[in-house]
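> build me a structure from this.
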Amino acid sequence: AVGGFAVESVGRTLLQIEELFPKQFRNMVFVGVGEVDSSEMRSHEQIELLESRMADDLQSYCDLAGQLGFHAEHRAGLGPDVVLELRLACSEVMNTFSHCLFFAGSLVFEDESEGLIERFLHNHTAYEIQRWLQIQGRSLVILPVCVSLNATARPAAGGKSTPPKVEGPHRQSPRRLSAH
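Residues are numbered from 1 along each chain as shown. This next block holds a predicted model:
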(Lines give C-alpha, C1' and ligand atoms only; values in the text may rest on other atoms or scores of the structure.)
Protein backbone atom coordinates (compact mmCIF):
# COMPACT_ATOMS: atom_id res chain seq x y z
CA ALA A 1 0.00 0.00 0.00
CA VAL A 2 1.67 3.14 -1.18
CA GLY A 3 0.82 6.06 1.09
CA GLY A 4 -1.77 3.94 2.93
CA PHE A 5 -4.42 4.40 0.26
CA ALA A 6 -4.63 0.90 -1.21
CA VAL A 7 -8.38 0.49 -0.59
CA GLU A 8 -9.10 3.91 -2.08
CA SER A 9 -7.01 3.03 -5.15
CA VAL A 10 -8.86 -0.26 -5.56
CA GLY A 11 -12.16 1.65 -5.34
CA ARG A 12 -11.07 4.03 -8.07
CA THR A 13 -9.90 1.10 -10.19
CA LEU A 14 -13.24 -0.68 -9.80
CA LEU A 15 -15.00 2.49 -10.92
CA GLN A 16 -12.62 2.73 -13.91
CA ILE A 17 -13.47 -0.84 -14.87
CA GLU A 18 -17.19 -0.06 -14.70
CA GLU A 19 -16.67 3.08 -16.79
CA LEU A 20 -14.61 1.27 -19.44
CA PHE A 21 -16.77 -1.88 -19.50
CA PRO A 22 -20.27 -0.82 -18.41
CA LYS A 23 -22.27 -3.65 -16.82
CA GLN A 24 -19.89 -6.30 -18.18
CA PHE A 25 -18.60 -7.59 -14.84
CA ARG A 26 -20.57 -8.74 -11.81
CA ASN A 27 -17.85 -10.76 -10.12
CA MET A 28 -14.31 -10.00 -9.01
CA VAL A 29 -11.51 -12.23 -7.79
CA PHE A 30 -8.74 -10.29 -6.06
CA VAL A 31 -5.32 -11.92 -6.24
CA GLY A 32 -2.62 -10.96 -3.75
CA VAL A 33 0.87 -12.22 -3.02
CA GLY A 34 3.00 -11.46 0.00
CA GLU A 35 6.73 -11.40 -0.63
CA VAL A 36 8.64 -13.43 1.92
CA ASP A 37 12.11 -11.91 2.20
CA SER A 38 14.26 -14.24 4.26
CA SER A 39 16.73 -11.45 5.05
CA GLU A 40 13.98 -9.49 6.84
CA MET A 41 11.59 -12.21 8.04
CA ARG A 42 13.39 -14.32 10.54
CA SER A 43 10.50 -15.82 12.47
CA HIS A 44 7.33 -17.75 11.86
CA GLU A 45 5.41 -14.96 13.62
CA GLN A 46 6.59 -12.39 11.04
CA ILE A 47 5.37 -14.59 8.20
CA GLU A 48 2.03 -15.11 9.96
CA LEU A 49 1.73 -11.32 10.41
CA LEU A 50 2.36 -10.79 6.68
CA GLU A 51 -0.23 -13.44 5.84
CA SER A 52 -2.76 -11.86 8.21
CA ARG A 53 -2.20 -8.34 6.85
CA MET A 54 -2.54 -9.58 3.29
CA ALA A 55 -5.77 -11.46 4.10
CA ASP A 56 -7.15 -8.33 5.80
CA ASP A 57 -6.24 -6.17 2.79
CA LEU A 58 -7.82 -8.59 0.33
CA GLN A 59 -10.96 -8.86 2.46
CA SER A 60 -11.23 -5.06 2.57
CA TYR A 61 -11.06 -5.04 -1.26
CA CYS A 62 -13.84 -7.64 -1.36
CA ASP A 63 -15.92 -5.60 1.08
CA LEU A 64 -15.48 -2.49 -1.05
CA ALA A 65 -16.40 -4.38 -4.22
CA GLY A 66 -19.52 -5.58 -2.41
CA GLN A 67 -20.46 -1.95 -1.63
CA LEU A 68 -20.25 -1.28 -5.36
CA GLY A 69 -22.55 -4.21 -6.20
CA PHE A 70 -20.00 -6.87 -7.17
CA HIS A 71 -19.65 -10.33 -5.73
CA ALA A 72 -16.00 -10.72 -4.75
CA GLU A 73 -13.63 -13.44 -3.64
CA HIS A 74 -9.89 -13.49 -3.17
CA ARG A 75 -6.91 -15.75 -3.69
CA ALA A 76 -3.66 -15.30 -1.81
CA GLY A 77 -0.14 -16.62 -1.90
CA LEU A 78 3.15 -16.18 -0.07
CA GLY A 79 6.64 -16.73 -1.35
CA PRO A 80 10.03 -15.27 -2.18
CA ASP A 81 9.19 -14.89 -5.91
CA VAL A 82 6.13 -12.65 -6.32
CA VAL A 83 5.86 -13.21 -10.08
CA LEU A 84 5.92 -17.00 -9.67
CA GLU A 85 3.28 -16.87 -6.93
CA LEU A 86 1.09 -14.59 -9.07
CA ARG A 87 1.38 -17.00 -11.99
CA LEU A 88 0.25 -19.85 -9.73
CA ALA A 89 -2.69 -17.82 -8.40
CA CYS A 90 -3.70 -16.69 -11.90
CA SER A 91 -3.52 -20.29 -13.10
CA GLU A 92 -5.90 -21.27 -10.30
CA VAL A 93 -8.30 -18.50 -11.33
CA MET A 94 -8.09 -19.52 -15.02
CA ASN A 95 -8.76 -23.17 -14.13
CA THR A 96 -11.77 -22.20 -12.03
CA PHE A 97 -13.23 -19.48 -14.28
CA SER A 98 -12.81 -20.23 -17.98
CA HIS A 99 -13.91 -16.76 -19.16
CA CYS A 100 -11.91 -14.32 -17.09
CA LEU A 101 -10.16 -11.05 -17.78
CA PHE A 102 -7.35 -9.87 -15.53
CA PHE A 103 -6.73 -6.31 -14.37
CA ALA A 104 -3.67 -4.77 -12.77
CA GLY A 105 -2.62 -1.30 -11.75
CA SER A 106 0.35 0.69 -12.95
CA LEU A 107 1.44 3.30 -10.44
CA VAL A 108 1.64 6.79 -11.90
CA PHE A 109 3.53 9.08 -9.57
CA GLU A 110 2.16 12.61 -9.33
CA ASP A 111 5.58 13.87 -8.28
CA GLU A 112 7.58 14.24 -11.50
CA SER A 113 10.84 14.07 -9.53
CA GLU A 114 10.20 10.40 -8.66
CA GLY A 115 13.05 8.51 -10.31
CA LEU A 116 12.90 6.17 -13.25
CA ILE A 117 14.24 3.25 -11.20
CA GLU A 118 11.47 3.62 -8.60
CA ARG A 119 8.83 3.74 -11.34
CA PHE A 120 10.24 0.60 -12.93
CA LEU A 121 10.44 -1.29 -9.64
CA HIS A 122 6.84 -0.43 -8.78
CA ASN A 123 5.41 -1.48 -12.15
CA HIS A 124 7.49 -4.32 -13.61
CA THR A 125 5.41 -7.08 -11.99
CA ALA A 126 2.23 -6.09 -13.87
CA TYR A 127 4.07 -6.12 -17.18
CA GLU A 128 5.70 -9.49 -16.47
CA ILE A 129 2.32 -11.02 -15.60
CA GLN A 130 0.73 -9.43 -18.66
CA ARG A 131 3.36 -10.99 -20.93
CA TRP A 132 2.93 -14.40 -19.28
CA LEU A 133 -0.88 -14.23 -19.56
CA GLN A 134 -0.60 -13.30 -23.24
CA ILE A 135 1.50 -16.44 -23.80
CA GLN A 136 -1.35 -18.35 -22.09
CA GLY A 137 -3.83 -16.77 -24.52
CA ARG A 138 -5.32 -14.51 -21.85
CA SER A 139 -5.57 -10.76 -21.44
CA LEU A 140 -4.56 -8.39 -18.68
CA VAL A 141 -5.68 -4.78 -18.78
CA ILE A 142 -3.30 -2.43 -16.98
CA LEU A 143 -5.02 0.64 -15.54
CA PRO A 144 -3.31 3.76 -14.16
CA VAL A 145 -3.27 4.30 -10.40
CA CYS A 146 -2.24 7.84 -9.50
CA VAL A 147 -0.06 8.04 -6.40
CA SER A 148 1.01 11.03 -4.37
CA LEU A 149 3.89 10.20 -2.07
CA ASN A 150 3.11 13.30 0.00
CA ALA A 151 -0.42 12.16 0.87
CA THR A 152 -1.08 10.96 4.37
CA ALA A 153 -3.92 8.83 5.61
CA ARG A 154 -6.31 10.45 8.04
CA PRO A 155 -6.81 8.16 11.02
CA ALA A 156 -10.22 7.89 12.60
CA ALA A 157 -10.90 7.83 16.31
CA GLY A 158 -8.75 5.20 17.93
CA GLY A 159 -5.86 5.82 15.52
CA LYS A 160 -7.00 3.41 12.78
CA SER A 161 -7.46 4.48 9.18
CA THR A 162 -10.95 3.84 7.89
CA PRO A 163 -11.51 2.59 4.38
CA PRO A 164 -13.22 5.17 2.21
CA LYS A 165 -16.78 4.62 1.14
CA VAL A 166 -16.70 4.77 -2.63
CA GLU A 167 -19.91 5.67 -4.36
CA GLY A 168 -20.47 4.00 -7.67
CA PRO A 169 -23.03 2.58 -9.99
CA HIS A 170 -25.49 0.39 -8.16
CA ARG A 171 -26.71 -2.66 -9.94
CA GLN A 172 -28.75 -5.74 -9.27
CA SER A 173 -27.79 -7.99 -6.41
CA PRO A 174 -24.39 -9.59 -6.96
CA ARG A 175 -24.31 -13.19 -8.11
CA ARG A 176 -22.17 -15.88 -6.58
CA LEU A 177 -19.16 -16.76 -8.67
CA SER A 178 -19.50 -19.84 -10.79
CA ALA A 179 -17.07 -21.68 -13.01
CA HIS A 180 -19.48 -21.55 -15.98
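> all strands of this structure, in order?
For the chain, the strands defined by DSSP state E cover 27-35, 71-79, 102-109, 140-147.
> now do Val83 against Cys90, distance only.
Separation of Val83 from Cys90 (C-beta to C-beta, to the nearest Å): 10 Å. For every residue, glycine as well, the C-beta is placed using N, CA and C.
> which of the two has more neighbours?
Taking other C-beta atoms under 10 Å, Val83 and Cys90 do not tie; Cys90 has more neighbours (21 against 14).
> and that one, what does it touch?
Contact analysis of Cys90 by C-beta atoms under 8 Å, 6 or more residues apart in numbering lists 31, 102, 129, 132-133, 138.
> in a markdown table, list those along with distance to Ala55 and neighbour count.
Supplementary listing: those in a markdown table, determined by distance: C-beta to C-beta, whole Å; neighbours: other C-beta atoms under 10 Å:
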| residue | distance to Ala55 | neighbour count |
| --- | --- | --- |
| Val31 | 13 | 21 |
| Phe102 | 21 | 19 |
| Ile129 | 21 | 22 |
| Trp132 | 25 | 16 |
| Leu133 | 24 | 20 |
| Arg138 | 26 | 16 |
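> for Trp132, which non-adjacent residue is spatially closest?
Spatial nearest neighbour of Trp132, excluding adjacent residues (C-beta to C-beta, 6 or more residues apart in numbering): Arg87 at 5.9 Å.
> I'd guessed that neighbour sits against Glu128; true?
No - Arg87 lies out of contact with Glu128 (C-beta atoms under 8 Å); the separation is 9.0 Å.
> the two - which one has more neighbours?
Arg87 (18 against 14).
> measure that one to Ile135 for me?
10 Å.
> picking that back up, which among the strands of the chain is found nearest to Ser9?
Evaluated over those, closeness to Ser9 peaks at strand 140-147, with 5.0 Å, by C-beta to C-beta.
> ok so, going back, and among the strands of the chain, the most buried is which?
Highest mean neighbour count among these (mean count of other C-beta atoms under 10 Å): strand 27-35, with a mean of 19.
> show me what it is packed against.
helix 44-67, strand 71-79, helix 82-96 (3 or more C-beta pairs under 8 Å, 6 or more residues apart in numbering; DSSP states H and E).
> that strand to strand 102-109, inter-axis angle?
60 degrees (axes from the mean of the first three to the mean of the last three C-alpha atoms, to 10 degrees).
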